[in-house]
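1. Have a look at this prediction, sequence included:
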2 protein chains.
Amino acid sequence: MQFEEAKQKFISTWGSLGTLWGINKAMAQIQALLFISTAPMTTEEIMEALQISRGNTSMNVRQLIDWGIVRKESRPGERKEYFSTEKDVQELARIIAKERSRREIRPVIKTLAEISNITDDGKPGTRELIRQTKALYELAETADNMLHKIVNQKQNWLTKSLVKMIS
Amino acid sequence: MQFEEAKQKFISTWGSLGTLWGINKAMAQIQALLFISTAPMTTEEIMEALQISRGNTSMNVRQLIDWGIVRKESRPGERKEYFSTEKDVQELARIIAKERSRREIRPVIKTLAEISNITDDGKPGTRELIRQTKALYELAETADNMLHKIVNQKQNWLTKSLVKMIS
DNA sequence: ATATAATTTCAATAATTTTTGAAATTTCAA
DNA sequence: TTGAAATTTCAAAAATTATTGAAATTATAT
């Protein structure tokens, strides 16, 4: 496999993986492109590399900036903007985990808490609803906390010491 | 909030959360419905409760069975089938984690390994591609292993002892 | 074995999501 | 300031994904 092929493969793999962390294909592909780029890129260059429109590029780059994954930089004497992504995978994981939690997990946990707190009228249906939503609530809460603990770990968890620890 | 409202809210919340674990809305809603049901349900009852078509119900129930989350049971003297879901949240989490890993994470890890193993021709672009895909590969591999370790934990990880452990 | 209830399949349709592209707006070098 | 380059916006179009419903198939109580 040559460079160009490998590069395309990486971009498309990462792009289709977008769903896994809750973003769309173009957004994930832009991030992938910047992630393996040796220098910040302009809108024009991104459009060219991924064969997508200006509007699409603009909207998705903006979203990546909202997520805190991409940074904008300007160069003196030049009007156009240059974009680059967070290059450290651990920091990337930390940002993604935090954002997904905030955008999707926390709201669900909140709703589960509300539902599991309805008044128990003693009917079996109500009982089961309360019991099961409570169980889900606890699971979600624990998982979410655990995720934060792991990604915020100062020491490098890639060293696998953490994995060994919980084995 | 009354039972009916709470029930609908739970089904729709869980349904929209489907994307988080990679399944579609109808599939997630059926699972939600069964999860808080006090007894196994027939196709007819699911259709009625969720207001969806027979075909849709059939396909999504089958998919849930493929995932190993729903079980079919038949009763002597009755031709129709009854469906029920795994009721234990930890077991549910275990199944979902295992399936998502197998279906989506492992294939991506495999691709990342392939890409990071292309021959280094010394060009900066190639260097960066290799460096970054390797870093992602290691992160993904570690995270995937960790996930398995956690959900397969025999002792109840909801007790938060595990969370405390890695704090 | 048969009749029929139950389930599955799948082409057609609907709903949703993504992308485009051109007009409107903003930005900043000169 | 000015004006052109750059960016953003957003309605329309395209692409994708989900759902329907009726015909075909399967399963089983009698």
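-> Alright, I've got the coordinates. Residues are numbered from 1 along each chain as shown, chains lettered A, B, ... in the order given.
2. mind listing the strands in chain A by residue range?
-> Per DSSP state E, chain A carries strands over the ranges A:70-74, A:81-85.
3. where in chain A is pLDDT low?
-> Where chain A drops to pLDDT under 70, the residues are A:160-167.
4. Nearest to DNA strand C within it, name that residue for me.
-> residue A:55 (2.0 Å; CB to the nearest atom of the strand). Using the backbone N, CA and C atoms, a C-beta is placed for each residue, glycine as well.
5. now that residue: how far from residue A:71?
-> 21 Å (CB to CB, to the nearest Å).
6. Between those two, point out the one with more neighbours.
-> residue A:71 (14 against 9; other CB atoms under 10 Å in any protein chain shown).
7. didn't the more buried one look like it was pressed against residue A:83?
-> Yes. With contact defined as CB atoms under 8 Å, residue A:71 reaches residue A:83; the gap is 7.1 Å.
8. does chain B sit close to stretch A:4-11?
-> Yes. Stretch A:4-11 is in contact with chain B by CB under 8 Å from any CB of the partner chain, via A:6-7, A:9-10.
9. Show me what counts as buried in that stretch.
-> Buried residues in stretch A:4-11, defined by neighbour count with 16 or more other CB atoms under 10 Å in any protein chain shown: A:6-7, A:9-11.
10. ok, and the closest non-adjacent residue to residue A:86?
-> In space, and not counting its chain neighbours, residue A:86 is closest to residue A:92: 5.0 Å by CB to CB, 6 or more residues apart in numbering or on different chains.
11. Let me know how buried residue A:147 is, in neighbour terms.
-> The burial count for residue A:147: 16, using other CB under 10 Å.
12. What are the neighbouring residues in contact with the nearest residue to it once chain neighbours are set aside?
-> Nearest residue to residue A:147, sequence neighbours excluded (CB to CB, 6+ apart): residue A:97, at 5.4 Å. The neighbours of residue A:97, taking CB atoms under 8 Å, 6 or more residues apart in numbering or on different chains as the test, are A:147-148, A:151.
13. give the contact list for the most far-flung residue of chain A relative to its centre.
-> Here the centre of chain A is the reference, and by CA atoms, centre = their mean the most remote residue is residue A:122, at 41.7 Å. Counting by CB under 8 Å, 6+ apart, residue A:122 makes contact with nothing.
14. Could you work out which of the strands of chain A reaches nearest to residue A:16?
-> The closest of those to residue A:16 is strand A:81-85. By CB to CB, the value is 18.0 Å.
15. Good, wrapping up.
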